[in-house]
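Peer 1: got a sequence here, can you model it:
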Amino acid sequence: MWRLRRAAVACEVCQSLVKHSSGIKGSLPLQKLHLVSRSIYHSHHPTLKLQRPQLRTSFQQFSSLTNLPLRKLKFSPIKYGYQPRRNFWPARLATRLLKLRYLILGSAVGGGYTAKKTFDQWKDMIPDLSEYKWIVPDIVWEIDEYIDFEKIRKALPNSEDLVKLAPDFDKIVESLSLLKDFFTSGHKLVSEVIGASDLLLLLGSPEETAFRATDRGSESDKHFRKGLLGELILLQQQIQEHEEEARRAAGQYSTSYAQQKRKVSDKEKIDQLQEELLHTQLKYQRILERLEKENKELRKLVLQKDDKGIHHRKLKKSLIDMYSEVLDVLSDYDASYNTQDHLPRVVVVGDQSAGKTSVLEMIAQARIFPRGSGEMMTRSPVKVTLSEGPHHVALFKDSSREFDLTKEEDLAALRHEIELRMRKNVKEGCTVSPETISLNVKGPGLQRMVLVDLPGVINTVTSGMAPDTKETIFSISKAYMQNPNAIILCIQDGSVDAERSIVTDLVSQMDPHGRRTIFVLTKVDLAEKNVASPSRIQQIIEGKLFPMKALGYFAVVTGKGNSSESIEAIREYEEEFFQNSKLLKTSMLKAHQVTTRNLSLAVSDCFWKMVRESVEQQADSFKATRFNLETEWKNNYPRLRELDRNELFEKAKNEILDEVISLSQVTPKHWEEILQQSLWERVSTHVIENIYLPAAQTMNSGTFNTTVDIKLKQWTDKQLPNKAVEVAWETLQEEFSRFMTEPKGKEHDDIFDKLKEAVKEESIKRHKWNDFAEDSLRVIQHNALEDRSISDKQQWDAAIYFMEEALQARLKDTENAIENMVGPDWKKRWLYWKNRTQEQCVHNETKNELEKMLKCNEEHPAYLASDEITTVRKNLESRGVEVDPSLIKDTWHQVYRRHFLKTALNHCNLCRRGFYYYQRHFVDSELECNDVVLFWRIQRMLAITANTLRQQLTNTEVRRLEKNVKEVLEDFAEDGEKKIKLLTGKRVQLAEDLKKVREIQEKLDAFIEALHQEK
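Peer 2: Next up, the predicted model:
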């Protein structure tokens, strides 16, 4: 039966070769086919009249899945003959069909059983590769998310396509003995093609997969055995064999005292076995590194495909990036409700110059930190987030610039930027700062974790350092290490005496049980050269020398001390050192305890284990904090929105800009009124005291007008334009302040008052009036004062009214001055029980004496003669009042001033009807009103100046002030400290805490969800 089954298979292959084989040109003659095939399947051929002979062959039963060497078939001689033709052909046809059915059914059942049995045997031969699961990239376990396996199944070749992949079978046609080789090769070809398709479909399209599978189809099973996976299996077996031999040799070495004579030879054998074991482990390590490198390249290709949008999907944030964002938000959060940051991170601590930064750079695979010889370079904590990416780049949290870590100029720029940020964080008078610099490093093959590089612990404060530097470094280190979920990466310099270490005592205080500490001994190459007893290094690595405990102990080499060494050079030097190191050869160090590669893997595993154990507990604590904050807000501010500091600043910014816009909507009439009034208040004293009063002392109108013109010209050239600009600028400030501080009714929020006041002061400080305004204003004022023509009676009356107001204001001021000089009059003394002082009594007596003199001569000049002063003094002495001449002059000034102003006011009343005489230039008239003309000229100059200043204000200065306000607001918006200083209070702080806690909780929830999905 099995012969028929094999013949059926042979015939099927022969038919396929006749139809489809690319290795055979033309069609094969039927006579060259296998005899069994001709006799069973080709009996219908018109030229075939042969008798079916007895096939006597000696086949050896075998399985196509085995790799045993094939033997050529040997057939016994066959005699050919012809069967006699039967005339009853329907019966013959039915017989053939029934035989064909049984042949097919039997072949299917037998072949299925044989294939199942062989598959089970082969499955038992495969070793357990579960511990090598980490070698396979993570993307392979997630491949079902990106690849449709249904399409892959449909894309696999069918039997006809597999036959096309067969090699050239010309030799099979020439010799029937090679048919067995053909069957074996065909079955192995199907297996290899399917295996190649499964691997290549993970990385390319179906067309590429088919092409690559065809290329690999010609490889033999022996070449497949030499693959990386086969080498790993063989190496594992060799390692186990060597370990067993070493144990047996060690056992035989210590069995009895009788074998002491063979001690030397056994020891040499043990050393030889250990050396072979070490070489095998190193070979195994190199293969693992090669696999990791291939894995790194594959992941880089996959990430680049994602980066280019091949899958047409939006890339999600990586898990480590989400976690890093949570830590960044927590670093800015001021825990006012005893909610501390207990999320895990890897804290890198060590003595100064112990190699902390070098270890971190080896883990990040780039020289990213500033370097110095013996001096302190790490002046503030640096948080480094390592994550996978298609390109090796670094970027800061608050910047969009990417530094290409494969280019030396970008590396130098990155180191310079880190150094600048550190110096910026350090305040004046300090050496280190607790402010954290956040840096993200991405690259293919990087272990995902968050590390914090802290300033090195020092024992002595040197010159140039702040006195509290040592205490500050200790407090920063303790603040990070006291987190119960922080992983402490304790770095110890192996090239110095262990007794000089400071950091080990600090770490043992923070983690006495060593449940979250990983100890790293650096500079092992120098330690091996310098240490007299290598067992001391073994004691350190085994945790027997220091009182501190740790989860694991590692020994690393971080280069030869040259800052220009590349990461690849340092890694090669490290591998070469440990390969030749006596510490490994003598088993003082284990293979898994050396190299920074093993260290980074161990730290990453410990980090993620800690994250998974503690992140949900942290999320629950922030939920409770959020509930407390929301309850407090509802109780204290039930009708107010929860606006944080930034939102309040935006609201205040909009209000300030609206008020500046309102400033531009002030009417021109209002501007001119306040400008004219303010300008007159500023110049009125000068006009009355220095222009009007001196000119009024003259005896005729010509002298009066000449004096007035000279003094007005001098005043206009030197003082008036500057005074006018000052008045305009002060008026603008007053109006701006009025709009900024004016209450808005119920909508007014006093929380913005400090901010508005600061914006007003800073804007006014930055605003400068246009210097060209004074020159143009001087010309306008000079022309206005030169005009003496009053056109109508209304202007004349307005001038008289303006003069009366000015004189009455001065008269009132003068009377107040006299009252303060002589004391209260009799009415106030009787009604309010007030008395005069001795000095006031003297002034009063002097005033009465001077008033008598004025009554005698009302046209007395403004100054007293010396004989008049003597007369007044003698009259007062006769009444017993001793008086000084200077006191007489001071009293005379006020008395005469009051007398003059009253006379001038009376003159104004007389000039009300003097417009007619003015039009006739006071010809044939005793009335002269030149003082009225003077005040009209002053009044007109004030009006024209106010109009000019108003135009400059509305057209130029208000817009410039609005621009200054916007610039100030933009500067304040970028200055976080300024906003904290200007927007304060319990309400602001509560809203700020509530916002931060919500943000932290949302990011934690998103991270936990992504973490569960990754599981």
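Peer 1: going forward, measure contacts between C-alpha atoms and count neighbours the same way
Peer 2: Will do.
Peer 1: what about the strands in the stretch 301-450 of the chain?
Peer 2: Secondary structure of the stretch 301-450 of the chain by DSSP state E, counting those that start in this stretch: the strands cover 346-350, 382-387, 393-396, 403-404, 437-442, 449-453.
Peer 1: pLDDT weak spots in the stretch 51-200 of the chain?
Peer 2: For the stretch 51-200 of the chain, the stretches with pLDDT under 70 are 51-91, 94-103, 105-109, 122-200.
Peer 1: and the strands of the stretch 301-450 of the chain as a markdown table, adding mean neighbour count, distance to residue 858 and mean pLDDT?
Peer 2: Output for those, formatted as a markdown table (neighbours: other Cα atoms under 10 Å; distance: least, Cα to Cα, whole Å; pLDDT from 0 to 100):
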| stretch | mean neighbour count | distance to residue 858 | mean pLDDT |
| --- | --- | --- | --- |
| strand 346-350 | 27 | 98 | 92 |
| strand 382-387 | 23 | 91 | 89 |
| strand 393-396 | 20 | 89 | 90 |
| strand 403-404 | 18 | 94 | 90 |
| strand 437-442 | 21 | 87 | 90 |
| strand 449-453 | 24 | 95 | 90 |
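Peer 1: burial measure for the nearest residue to residue 998 once chain neighbours are set aside, as a count.
Peer 2: Take residue 998 and drop its neighbours on the chain: the residue closest to it by Cα to Cα, 6 or more residues apart in numbering is residue 626, 6.7 Å away. By other Cα atoms under 10 Å, 21 other residues sit near residue 626.
Peer 1: how about the secondary structure of residue 626?
Peer 2: Here residue 626 is helix, with the state taken from DSSP: H, G, I helix; E, B strand; the rest coil.
Peer 1: mind listing residues that contact the helix or strand where residue 707 lies?
Peer 2: Using DSSP states H and E, the element containing residue 707 is helix 701-718. Residues from elsewhere that reach helix 701-718, judged by Cα atoms under 8 Å, 6 or more residues apart in numbering: 690-692, 695-696, 698, 778, 781-782, 785, 928, 930, 934.
Peer 1: quick one: which of these has the most company?
Peer 2: residue 781 (24 neighbours).
Peer 1: ok, that one - contacts?
Peer 2: Taking Cα under 8 Å, 6+ apart, we find residue 781 in contact with 716, 721, 941, 944-945.
Peer 1: test my guess that the residue nearest to residue 998 contacts residue 994.
Peer 2: Yes: counting by Cα atoms under 8 Å, residue 994 is a contact partner of residue 626 at 6.5 Å.
Peer 1: how about the strands of the stretch 301-450 of the chain in TSV, adding distance to residue 467?
Peer 2: Formatted as TSV, these follow (distance: least, Cα to Cα, whole Å):
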stretch	distance to residue 467
strand 346-350	21
strand 382-387	23
strand 393-396	31
strand 403-404	36
strand 437-442	24
strand 449-453	23
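Peer 1: quick one: which of the ones you listed is nearest residue 682?
Peer 2: Set against residue 682 and scored by Cα to Cα, these come closest in strand 437-442, at 56.7 Å.
Peer 1: which strands and helices sit next to that closest one?
Peer 2: Strand 437-442 is packed against strand 382-387, strand 393-396, with contacts defined by 3 or more Cα pairs under 8 Å, 6 or more residues apart in numbering; DSSP states H and E.
Peer 1: which residues does it contact?
Peer 2: Residues from elsewhere that reach strand 437-442 (Cα under 8 Å, 6+ apart): 328, 364, 380-397, 421-422.
Peer 1: and residue 662, how many neighbours?
Peer 2: 12.
Peer 1: correction: the previous question concerned residue 578.
Peer 2: The number of residues packed near residue 578 is 22, by other Cα under 10 Å.
Peer 1: that one should be in a helix, yeah?
Peer 2: Yes: residue state for residue 578 (three-state DSSP) corresponds to a helix.
Peer 1: touching, it and residue 584? I think so.
Peer 2: Yes: shown here, residue 578 and residue 584 form a contact pair, counting by Cα under 8 Å, at 6.9 Å.
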